[in-house]
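Chemist: fold the following.
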Amino acid sequence: MLGLSAAVFATSWWLGLYLVARDPRKPVLVLAAIGLTGFAAVVALDAVRVTTGADGLSRIEVFLVAVPGIAWFAVLLELSRPHDSWRNRAAEAALVAVAATVACVGAGLAGGVEGPLRLGHWVLFGAVSVPALGAMVHAVLRRHQPRPVVGFVVVATLFFALGNAILIIPLGLVPSWLALACTGFDVALLGVAVAMGDAFDEGQALRKDMLRSAVGTSVVAVLFGGQVLIGLAVSGRTTTTLAVLLFTTVAVAIGVNVLADPLAGLLDRMAFAGSPALRAERATLRDTEAALPLRAAGPLDGMDEDTFARVTRRALSHYADLSKLVANPLTALPAIDDRLTRRGAPDQPLERANELRTLLAERIAALKPRDGRDFGTTEQWRHYNSLYFPYVVGVRAYAQNATAAGLDPVARQAWHWFAAEVPQRSLHNWQNAAARVIATDLRSNLVAAR
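Modeler: Here you go, the predicted structure:
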C-alpha cells in the first residue's frame, strides 16, 4: 500500500513541478501546480496516517483535501478567459475566496477525514465539487481550445468530483489508499490537460519534452524511493520516521530533476557572482537546450490564420528571450531559410531564433509612419509604438517601481506617454492589432513561397 501511495505521490508531485517549471509567470500553470502538489501532500499525509496509525493527522488532512479542488476551480476560471485578455481578476479571486472559505468551514465542522458521515463532509464536498463543475461548463463554452484539451478538461473534472466524494466522505466502502490512487489518475489528467493547453497557446510541441521529464522522474523516484522501501521491507515494520523519509526523499529527488535548470542558475549566481556575462551565457545555453524538445516538426503545416496570428503575437512578446524564440513555430518560415543561406550561417536553432528576431524587428520598423519624426502620439503611430518601445527598446512603463532612468531621450518620451496617457488595456489591444498586421504580412509571404 505504501509503495502505491508513493507512486501516486511521485506522479502528482512531478506534474506540479513540471507545470510551474514551464513558466512560473503564468497564473494558470502556478494554480494547477498548487493543486497537484497539494494533492501530493494529501497522498503522503494519508499514507503516513493509515500505515502508522497516527489518527491525529486526520484533522490536518481534512483541510488539505480541499486544496486540489479549490486550485482546479481557479484553473478553470483562468481557462475560461479569452486569449490575451486583461479582464479584471477581482471577481474571479472573490469566487475562489468564497469557495475556499466554505471549504474551510466544512473541514472544521467535519473534524477529520474519516467517517462517519457528518454535515461538514457534505459542506466540504459541495464547496470543492460544485464550483469546479460549474467552471468546467463555463470554460468549455467560452474557451477556444483544441478538442483533446477540452476532452481532458471535461473527463478530468467529472472524475475529480467523484474522487473528492470518496476523499471527503470515506464510509469505509473502499480503502483510503485506493481512493487516493483513483483520484491520482484524475489529477494526472488535469495536469496533462493544462500542459497541453499551454503548449497549444505557445505553439509548442509537448510530447517529447514531457516524456523526457517523465522518464527522468521515474528513474530518480525508483532509485531514491526504492531504497527506503527496501529498508521498510527488511525491517518488517513501518515507523512514522521511515514513512516520512520515503515521501521527503522522493520529493527532493524529483524536485532536483525537474528544477535542474533553475537550481543550476542559482548555483551560478553563487559561484560566478563576479562574472555576470558568464552567468548570462550559461543561462542562454541552458534555456536553449530546454527549448529544443518543444520544437515541432513542420509546425507551419496546416496552420490556420488565427493560430498563425497567435504564434506571431507570442514571438513578439518573447522578442528579447532567445530561448522562447527557439521553440516558436515561426523559426520554420522560408524567409528564415533564405536569410541563413544568404549569410552562409549554419542551420542551428539559435541562428534561426536570431534571424526570427531580426525579421520581427524589420516588420516592426515597417510600421513606423514616414513623417520624418522619431516619435509621435497620433493614431497612425499606435501600432509601431505598442511594439517597438515595449519589446525592442524594453520600455516597461507599467512595471512596479519602474522609472525612465537609463532610457535615451526618445524612449524617455515614450515612457512618459505610456505612463500618463495610455491605459494598459489599450496598449494590450494595440499590440494584438499590430501583431495581426505583422502576421498577415508574414503569412502572405509564406503562401507566396509555397
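
Chemist: now do the helices in the stretch 201-350 of the chain.
Modeler: In the stretch 201-350 of the chain, the segments counted as helices under DSSP state H, counting those that start in this stretch are 207-235, 240-258, 260-271, 276-291, 305-317, 322-326, 334-343, 349-366.

Chemist: residues near Ala54, how many?
Modeler: Applying other CB atoms under 10 Å, we find 13 residues neighbouring Ala54. All C-beta atoms are positioned from the backbone trio N, CA, C, and that covers glycine.

Chemist: repeat for Ile70
Modeler: 25.

Chemist: nearest residue to it in space, ignoring adjacent ones along the chain?
Modeler: In space, and not counting its chain neighbours, Ile70 is closest to Ala100: 4.9 Å by CB to CB, 6 or more residues apart in numbering.

Chemist: over to Leu119?
Modeler: Leu109 (5.7 Å).

Chemist: name the element that neighbour belongs to?
Modeler: Taking DSSP states H and E as the definition, Leu109 sits inside helix 90-110.

Chemist: thinking again about what came up before, what's near enough to touch the residue nearest to Ile70?
Modeler: Ala100 is in contact with Ala66, Ile70, Ala127, counting by CB atoms under 8 Å, 6 or more residues apart in numbering.

Chemist: for Asp55, see how far away it is.
Modeler: Distance of Ala100 to Asp55, given as CB to CB, to the nearest Å: 26 Å.

Chemist: give me whichever of the helices of the stretch 201-350 of the chain is most buried.
Modeler: helix 322-326 (a mean of 22; mean count of other CB atoms under 10 Å).

Chemist: identify, from the contacts of Ala100, the entry nearest to Glu379.
Modeler: Closest approach between the contacts of Ala100 and Glu379, by CB to CB: Ile70, at 44.7 Å.

Chemist: which one of the contacts of Ala100 sits closest to Val215?
Modeler: Ile70 (31.6 Å).

Chemist: correct me, but the closest one touches Leu95?
Modeler: No: at 10.3 Å, Ile70 does not count as touching Leu95 under the criterion of CB atoms under 8 Å.

Chemist: give me the neighbour count for the residue nearest to Leu119.
Modeler: Neighbour number of Leu109 under other CB under 10 Å is 15.

Chemist: same thing with Val98?
Modeler: Neighbourhood size, Val98 [other CB under 10 Å]: 12.

Chemist: before we move on, what about Trp415?
Modeler: 20.

Chemist: ok, the one 3 residues further on next?
Modeler: The number of residues packed around Phe418, counting by other CB under 10 Å, is 22.

Chemist: separation between the closest residue to it other than its chain neighbours and Ala405?
Modeler: Nearest residue to Phe418, sequence neighbours excluded (CB to CB, 6+ apart): Ala397, at 3.6 Å. Using CB to CB, Ala397 is found at 13 Å from Ala405.

Chemist: got the phi/psi numbers for the closest residue in space to Asp337 that isn't next to it in sequence?
Modeler: The shortest distance from Asp337 to any non-neighbouring residue, by CB to CB, 6+ apart, is to Asp347 (7.9 Å). Per-residue torsions, Asp347: phi -80, psi 80 (degrees, to the nearest 10).

Chemist: distance of Asp347 from Leu294?
Modeler: 18 Å.

Chemist: where does the closest residue in space to Trp381 that isn't next to it in sequence land in three-state SS?
Modeler: Among residues not flanking Trp381 along the chain, Pro369 sits closest, at 5.8 Å (CB to CB, 6+ apart). Taken by DSSP: H, G, I helix; E, B strand; the rest coil, the conformation at Pro369 corresponds to coil.

Chemist: residues in contact with stretch 222-237?
Modeler: So stretch 222-237 is in contact with 2-3, 6, 10, 238, 242-243, 245-246, 249-250, 252-253, going by CB under 8 Å, 6+ apart.

Chemist: ok, now stretch 372-381?
Modeler: Here stretch 372-381 has contacts from Lys368, Pro369, Asn385, Val410, Gln413, Ala414, Trp417, Glu421, using CB under 8 Å, 6+ apart.

Chemist: chain center to stretch 413-421: distance?
Modeler: Mean-position distance between stretch 413-421 and its chain equals 32 Å (CA atoms, centre = their mean, to the nearest Å).

Chemist: give the buried residues for it.
Modeler: Gln413, Ala414, Trp415, Trp417, Phe418 (16 or more other CB atoms under 10 Å).

Chemist: specify which member of the residues you listed is nearest to Arg279.
Modeler: Checking the buried residues of stretch 413-421 one by one against Arg279 (CB to CB), the nearest turns out to be Trp415, at 27.8 Å.

Chemist: can I assume the closest one is in contact with Ala397?
Modeler: Yes: taking CB under 8 Å as the definition, Trp415 is a contact partner of Ala397 at 5.2 Å.

Chemist: okay, stretch 68-79 in CSV with CA atoms only?
Modeler: What follows is stretch 68-79, C-alpha atoms only, in CSV (Å, rounded to 0.1, in the frame of the first residue of the first chain):
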residue,chain,number,x,y,z
PRO,A,68,-6.7,20.5,-5.2
GLY,A,69,-10.4,21.2,-5.7
ILE,A,70,-10.1,24.9,-5.0
ALA,A,71,-7.0,25.2,-7.1
TRP,A,72,-8.6,23.4,-10.0
PHE,A,73,-11.6,25.7,-9.7
ALA,A,74,-9.2,28.7,-10.1
VAL,A,75,-7.5,27.0,-13.1
LEU,A,76,-10.9,26.5,-14.9
LEU,A,77,-11.7,30.2,-14.3
GLU,A,78,-8.4,31.1,-16.0
LEU,A,79,-9.1,28.7,-18.8
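
Chemist: and that stretch, what's its mean pLDDT?
Modeler: For stretch 68-79, mean pLDDT rounds to 84.

Chemist: picking up where we left off before, return the subset of the contacts of stretch 372-381 lying in helices.
Modeler: Members of the contacts of stretch 372-381 lying in helices (criterion: DSSP state H): Asn385, Val410, Gln413, Ala414, Trp417, Glu421.

Chemist: returning to what we had before: TSV please, covering the helices of the stretch 201-350 of the chain and showing distance to Arg118 and mean pLDDT.
Modeler: Compiled in TSV, the helices of the stretch 201-350 of the chain are given as follows (distance: least, CB to CB, whole Å; pLDDT from 0 to 100):
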stretch	distance to Arg118	mean pLDDT
helix 207-235	34	87
helix 240-258	27	90
helix 260-271	43	87
helix 276-291	48	81
helix 305-317	49	90
helix 322-326	50	85
helix 334-343	64	89
helix 349-366	58	91
